[in-house]
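Peer 1: take a look and give me a structure for this.
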Amino acid sequence: MPRWNLNYMKLRDKLLLMYVLSVFIPIVVTNVVSYNVTSANIRSQKTRDAGMALNNLKNDLRVTIDQGVGLSYSLYTDPVFNDTISRSFQSHFEYIDAYNSYLKGQFSGQLNQGIRWYQVYTDNSTILSSGYIDRLTDVVRSSNWYVQFQAYSAPYPALISSDQMLSLVQRLDNLDTGGREQLLKIDLNMDMIKQYFHNSGFDGKVYLLDPGGHIQFSNDPTAEAQIGKRYSEIQFPNKMIPFELTYTGINYLEGWSLQGVMDEEIVLKEVRKSRSFVVWLACINFVLPSIIIAAMSRTIHVRLVRILKHMKKVKTQNFQTIPPEDARDEIGQLTMEFNRMTETIRNLIHEVYLADIQKKDLELKQQQAQLHALHSQINPHFLFNTLESVRMRSLIKGEKETAKIVHNMAKMFRKSISWNQNDVTVQEELELIESFLQIQKYRFGEKLQYTIEADPAVLMYRIPKMVILPFVENASIHGIESSPGVGIIQLFVSMENDQLHIRLTDNGIGMSQAKLEELLSYLDQNTDMGEHVGMKNAYSRLKLCYKNHFTFDIQTWEGEGTRIQIKLPLDPSAMPGD
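Peer 2: Predicted structure coming up:
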């Protein structure tokens, strides 16, 4: 059984093993454990702190409410006070005397920090409204707090929220009132309560709920619009930590509760403060894997350097083979293939390479000769059609207007013989087409209308010269000349999807489907004989220059016109050579 050798392993397996053992498992495990432990500890601590802060707020709120309850019970149990406000006074002077002698002293000193104001309401008509005593009128009975209080019948104070105010309301019916209704309303100090909420130390939103679950107070800046709403109807983000403290065993606070919600992101904010710990842990996770990877990669590095040295020797035509080694991994296979390659190259140089170069050179010269021959075919054919147009127009009109057409013809001819390259810019090709159409316009007069539109972005791209003109010529001679009406030729050149789009349309006589198929077959044939020699010449040069990288399409409708579309690549690797 052969001994285990690291060099027998596949290179892919080595890299995968290094990654799993040295990078993936250590980093994932340590970071996940570290993050979870840190997050759990901080979350637990923040939750405990928030619970304590909410409990302190609960106690502070009760202390403030108990101050009002103490005042309520002191007046509720005072027999002299209750008898005085229930008595029927014979005159205002008698009530004033009773108020100055007892009631005024009874009310003085009752206010404290937790109580903003208190008021005694009675429907005793013999009592004057003064100080802390007021008449229980219909206006008072229609107020919100009074309407809410009618739902309570217990002898202890009722905590009522009305007009953004928390109040304690109690009936003063401990003694016989003679059928009169007497109420005590104590308004709590809302500034103090707000201070309790905002200084509670709870990193979140706190809501005070009545026994029905309705929001009556909160430290939320937007809570004003939520007062009176049910707490269960408020939508909170998913990552919120809820808290709840309910008053129990206290008759006047039974069912009231504090609800708190805290964003988990605020809790986890503390995790970021331990970033240095995470960084040090990550450094350890990377240093140790680096040592392991360095040790394993050494077996790859030494052997790859040896192959590289021999490859550099090949550059200087020194085809020395690498001494074989007992290795079955990719580097060992690469060594064997390198040796085989060097032997093959040595044989190719001496036996095949020189002969192949001569063959390619011959084929290239033949192709260039064919390309030049195709270029030379178009000039006599085109010049004949141009001169024929000038001759026919001169015979018909007998005028000197031929100077213009001769000028255009001379310009065209001069351009055709002055180009010393096989390709031109799109702008130069369009200028040549413009001259040709002006000549045809001279020939046909108002019967011919044409437009040439080109995207400015494509004007500087180079294309084989005179590959668009033969199709324009064909549209004019064979399409428009035989049409009885006004002939329209439209040429559009644009760039779409890294391709040069050439679209030529006319409203001439068109072709039948059979004739179109015959034309397409003729263009694909190797022969250069036929009626449409100019089109075939252009099509053949496109095939020579672009191979299979261009698109040529003809659509025609008999009696309606023809449309030719050519798409040439703008990729420099597919451009025709100089």
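
Peer 1: tell me which residues touch the most centrally placed residue in the chain, please.
Peer 2: For the chain, the residue nearest the mean C-alpha position is residue 237 (22.3 Å; C-alpha atoms, centre = their mean). When contacts are counted by C-beta atoms under 8 Å, 6 or more residues apart in numbering, residue 237 is found next to residue 263. Any C-beta I mention is one placed from the backbone N, CA and C, and that applies to glycine too.

Peer 1: tell me the secondary structure at it.
Peer 2: coil (DSSP: H, G, I helix; E, B strand; the rest coil).

Peer 1: what's the answer for residue 244, then?
Peer 2: Strictly by three-state DSSP, residue 244 counts as strand.

Peer 1: ditto for residue 503
Peer 2: At residue 503 the chain is in strand, as set by three-state DSSP.

Peer 1: got the residue ranges for the strands in the stretch 251-400 of the chain?
Peer 2: Here the stretch 251-400 of the chain has its strands, by DSSP state E, counting those that start in this stretch, at 257-263.

Peer 1: would you list every one of the helices in it?
Peer 2: Assigned by DSSP state H, counting those that start in this stretch, the helices in the stretch 251-400 of the chain fall at 264-268, 275-315, 330-348, 354-397.

Peer 1: what's the weakest-modelled helix or strand in this protein?
Peer 2: Here the helix or strand of the chain ranked lowest by mean pLDDT, DSSP states H and E is helix 354-397, holding a mean of 58.

Peer 1: neighbours of the residue nearest to residue 226 when sequence neighbours are not counted, how many?
Peer 2: Counting by C-beta to C-beta, 6 or more residues apart in numbering, residue 215 is the residue found nearest to residue 226 once chain neighbours are left out, at 5.3 Å. For residue 215, the count of nearby residues is 21 (other C-beta atoms under 10 Å).

Peer 1: would you verify that residue 489 is located in a strand?
Peer 2: Yes: checked against three-state DSSP, residue 489 lies within a strand.

Peer 1: wait, doesn't it sit right on residue 505?
Peer 2: Yes: Residue 489 lies in contact with residue 505 (C-beta atoms under 8 Å); the separation is 7.5 Å.

Peer 1: still on that earlier bit, any idea how far residue 204 is from the residue nearest to the centre of the chain?
Peer 2: Separation of residue 237 from residue 204 (C-beta to C-beta, to the nearest Å) stands at 12 Å.

Peer 1: overlap of the contact sets of the two?
Peer 2: Common contacts of residue 237 and residue 204, defined by C-beta under 8 Å, 6+ apart, comprise residue 263.

Peer 1: if I've got this straight, residue 161 is in a helix?
Peer 2: No: under three-state DSSP, residue 161 falls outside any helix and is assigned strand.

Peer 1: surely it meets residue 210?
Peer 2: Yes: counting by C-beta under 8 Å, residue 161 touches residue 210, with 6.5 Å between them.

Peer 1: contacts for the helix or strand containing residue 81 next, please.
Peer 2: Element membership for residue 81 (DSSP states H and E) is helix 79-86. Applying C-beta under 8 Å, 6+ apart, the contact partners of helix 79-86 are 75-76, 98, 102-103, 106, 120, 122, 124, 127, 133, 172, 174-178, 180, 182.
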